[in-house]
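Q: Structure for the following, please:
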Amino acid sequence: MYDVTVRNGYGERHEIVPGVSKAQLKPKFRSEHESVSNIDFIGWADVSVSFSSRDDYAFKMNCGDITKSFQFGDIGFSFLNNQFQEEIENTKFPDDFQ
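A: Modelled structure (predicted):
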């Protein structure tokens, strides 16, 4: 997991996200209104997938005392979706699971 510090005209904010590298993350946050002032690797994370339905799921990451969830549309969801696609596709559901 990485701690990305993003700066705009109002100050700085921090985003905790998964990624391959600092170089891979930087363009995801850079825009005409924001710049990336720092990216720190904060450690490896345990990842789990939770399903609301067969087609609706989210990822939960635990890294030390940091817990974060990623849903469709969140920065980091696509990365996790690609990393765990085989596990998601091979998940066995009970017959009564919607």
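
Q: Find the centremost residue of the chain, please.
A: Gly76 (2.9 Å; C-alpha atoms, centre = their mean).

Q: per-residue confidence for the nearest residue in space to that one that is not next to it in sequence?
A: Nearest residue to Gly76 in three dimensions, chain neighbours excluded: Val17, at 4.1 Å (C-beta to C-beta, 6 or more residues apart in numbering). (Each C-beta comes from the backbone N, C-alpha and C, glycine too.) Looking at Val17, its pLDDT is 96.

Q: Give me the distance between Val17 and Ser69.
A: Val17 sits at a distance of 12 Å from Ser69 (criterion: C-beta to C-beta, to the nearest Å).

Q: more neighbours, the two?
A: Legend: neighbour count by other C-beta atoms under 10 Å for Val17 and Ser69, higher for Val17 (22 against 13).

Q: mind listing what that one touches?
A: Met1, Tyr2, Val4, Leu25, Lys28, Ile75, Gly76, Phe79 (C-beta atoms under 8 Å, 6 or more residues apart in numbering).

Q: Among those, the buried ones, what's the PyMOL command?
A: A single PyMOL command selects the buried members of the contacts of Val17 (16 or more other C-beta atoms under 10 Å):
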select buried, resi 1+2+4+25+28+76+79
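
Q: Which member of the contacts of Val17 is positioned nearest Val36?
A: Val4 (6.3 Å; C-beta to C-beta).

Q: Just give the nearest non-adjacent residue to the closest one, would you?
A: Nearest non-adjacent residue to Val4 (C-beta to C-beta, 6+ apart): Glu15, at 4.6 Å.

Q: I'd guess that neighbour is in a helix, am I close?
A: No. Assignment of Glu15 by DSSP: H, G, I helix; E, B strand; the rest coil gives strand, placing it outside any helix.

Q: strands paired with the helix or strand containing Arg7, and their directions?
A: Per DSSP states H and E: Arg7 is located in strand 2-8. Within its sheet, strand 2-8 is paired with strand 11-17 (antiparallel), strand 35-41 (antiparallel), according to DSSP bridges.

Q: Right, I'll call it a day here.
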